[in-house]
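J.: Turn this into a structure:
(one chain, ligands or ions: 1)
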Amino acid sequence: MASIGKPRGTRDFTPEEMERRRRVETALREVFRRYGYREVATPTMEHLELFTLKSGEAIVEETYAFTDKSGRELALRPELTAPVMRFYVEQMQMEPKPLKLLYFGNCFRYDRPQAGRYREFWQMGCELIGTRTPEALAELIALAYHALRGAGLEDILLRVGDLAPLRALLDDMGVEDAAAIMRLIDKGDRAGVEGALAGRPGADTFLEYLDCAEAAALEDLVGKEQTSRLTGVLDWLSDMDTPARLDPSIARGLDYYTGIVFEIDAPALGAEKQLCGGGEYSLVPLLGGTETPTAGFALGFDRILLALEREGRAPEEKEPLVYVTPVGEDMLRPAARLAHRLRRQGLRVDMDLMRRSVSKSLQHAHRLGARHAVIVGADEWARDAVVVKNMASGEQREVAVKELAAVIW
Ligand code: AMP
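T.: This is a model prediction of the structure:
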């Protein structure tokens, strides 16, 4: 029979990879916790409509959409903002504001797989509901930046922009399909933008605006009123120890973004370098809820791991493993009882479960990377003791059972 592989664009994770992923997940979570965020979870599948509402039918092409046995149009979630906002509208509108929600989950996109781009990937992200003060936005952006730093990344670049002046400029030019232009900007298709705006009065100003790197130049082009929100947020960010670059050309792919937007890249990753994207958006009224300000971001978890690898961050030392080796079948029970006791004390313990000889058992302990082997033999056991072998140095010595935990911890 032909062997069955995994679906294209998906991955299996080895125990070593999972240990790494969990460590990074824990480090990220810790930063969210410090900023007062609390976790929620939503289903892996949703009504397809949740994702087409604002993003349009075009998104269906990228979505794992299907009809279930009762004829319902469902989709595997391509992101978590719309699901979390659906949940908010259904059950959390009465919660005190601002409401700070964290999520971590797998997402599915029918993308063309390549390095850093998968069909199943993970996002950790958050939503901030109920405030639009510049300090709130800055705190959100600072969280994204410091979460990545907390995971161990050094070489990251944060850029912040504002869609409101961008949309106003497109309005002034009389552009009907602003979303199409925004998508071209998001893709970095400069020639496409120039082509679409060719001949329109104001096109030059618009292109100049996209290139502005300084607040003063931005103000000169569109006026202080249009730029004060963005410069306000940037000011707050410097108070929050968060280096940020002004980038008016951030457009974000999805249509529901409205105001301040930001992206964080790991330049070392090349084409798929974006680690994080987010900003202010409007979804609540569309989902039938009462208008309230909302902002959030999603971190591309898999790319964070790739970026850490690229930066050569050494994985932390593994939690030490103790290997318990009984000498002969008579010592199986005492060994098992000892292993149990050590586990209750919080140690990570493995025991020979294949009735191997002591030398084979020790070889196995070595392959597992155990720090210590605890050899349980009849003579020592009669004295309430065992032999502890330091697997790195090979040194062996007798240790009283009651002192064992202190010696091997
Ligand atoms: P988005 O919801 O498109 O703004 O994505 C947020 C983040 O998720 C991006 O910045 C990427 O880091 C990550 N991401 C998006 N699509 C994929 C994918 N197909 N594979 C891996 N990571 C992705």
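
J.: rest of the way, CA atoms for contacts and neighbours
T.: OK.

J.: number of nearby residues for residue 216?
T.: The tally of other residues near residue 216 (other CA atoms under 10 Å) stands at 13.

J.: pretty sure it belongs to a helix, no?
T.: Yes - assessed with DSSP: H, G, I helix; E, B strand; the rest coil, residue 216 lies in a helix.

J.: Around the ligand, pick out the residues from the protein.
T.: By CA under 6 Å from any ligand atom, the residues of the chain that approach the ligand are 79, 109, 111, 116-119, 121, 123, 274-277, 298-300, 302-303.

J.: Weed out the non-buried ones from those residues.
T.: 79, 109, 116-119, 121, 123, 274-277, 298-300, 302-303 (16 or more other CA atoms under 10 Å).

J.: The residues of the chain next to the ligand in helices, which ones?
T.: Cross-referencing the residues of the chain next to the ligand against helices under DSSP state H gives 302-303.

J.: thought residue 10 was touching residue 119?
T.: Yes - counting by CA atoms under 8 Å, residue 10 sits close enough to residue 119 to count as a contact (5.8 Å).

J.: Closest approach to the ligand from the stretch 251-400 of the chain, which residue is it?
T.: In the stretch 251-400 of the chain, the residue that lies nearest the ligand is residue 300 (3.3 Å; CA to the nearest ligand atom).

J.: got it, and the stretch 101-250 of the chain?
T.: Residue nearest to the ligand within the stretch 101-250 of the chain (CA to the nearest ligand atom): residue 117, separated by 3.5 Å.

J.: who's in contact with that residue?
T.: Residues in contact with residue 117 (CA atoms under 8 Å, 6 or more residues apart in numbering) are 9, 111, 272.

J.: Look up the residues forming beta bridges with it.
T.: Judged by DSSP bridges, the bridge partners of residue 117 are residue 114.

J.: Then the one 5 residues further on?
T.: Bridge pairing for residue 122 (DSSP bridges) gives the partners residue 106.

J.: dump the residue contacts of the residue of the stretch 251-400 of the chain closest to the ligand.
T.: With contacts defined as CA under 8 Å, 6+ apart, the neighbours of residue 300 are 121-124, 274-276.

J.: what's the answer for residue 262, then?
T.: With contact set as CA under 8 Å, 6+ apart, residue 262 has these partners: 141, 158-161, 250, 277-279.

J.: Show me those residues that map onto helices.
T.: Among the contacts of residue 262, the members falling in helices are residue 141 (criterion: DSSP H).

J.: Adding pLDDT and distance to residue 147, write the contacts of residue 262 out as TSV.
T.: Shown next, in TSV, are the contacts of residue 262 (pLDDT from 0 to 100; distance: CA to CA, whole Å):
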residue	pLDDT	distance to residue 147
141	98	10
158	98	12
159	97	16
160	97	17
161	95	20
250	92	21
277	96	13
278	97	14
279	97	16
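
J.: got a markdown table for the contacts of residue 262, with distance to residue 289 too?
T.: Converted to a markdown table, the contacts of residue 262 look like this (distance: CA to CA, whole Å):
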| residue | distance to residue 289 |
| --- | --- |
| 141 | 25 |
| 158 | 32 |
| 159 | 31 |
| 160 | 28 |
| 161 | 27 |
| 250 | 28 |
| 277 | 24 |
| 278 | 21 |
| 279 | 19 |
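
J.: May I see the ChimeraX selection of the buried members of the contacts of residue 262?
T.: Listed next is the ChimeraX selection for buried residues among those, using 16+ other CA under 10 Å:
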select :141,158,159,160,161,250,277,278,279
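
J.: Can you say which two of the contacts of residue 262 are spatially most distant?
T.: Largest separation among the contacts of residue 262 by CA to CA: 141 and 250, giving 14.5 Å.

J.: Tell me where the model's unsure across the stretch 101-250 of the chain.
T.: In the prediction, the stretch 101-250 of the chain carries no residues with pLDDT under 70.

J.: can you give me the strands for it?
T.: Per DSSP state E, counting those that start in this stretch, the stretch 101-250 of the chain carries strands over the ranges 120-129, 157-162, 245-246.
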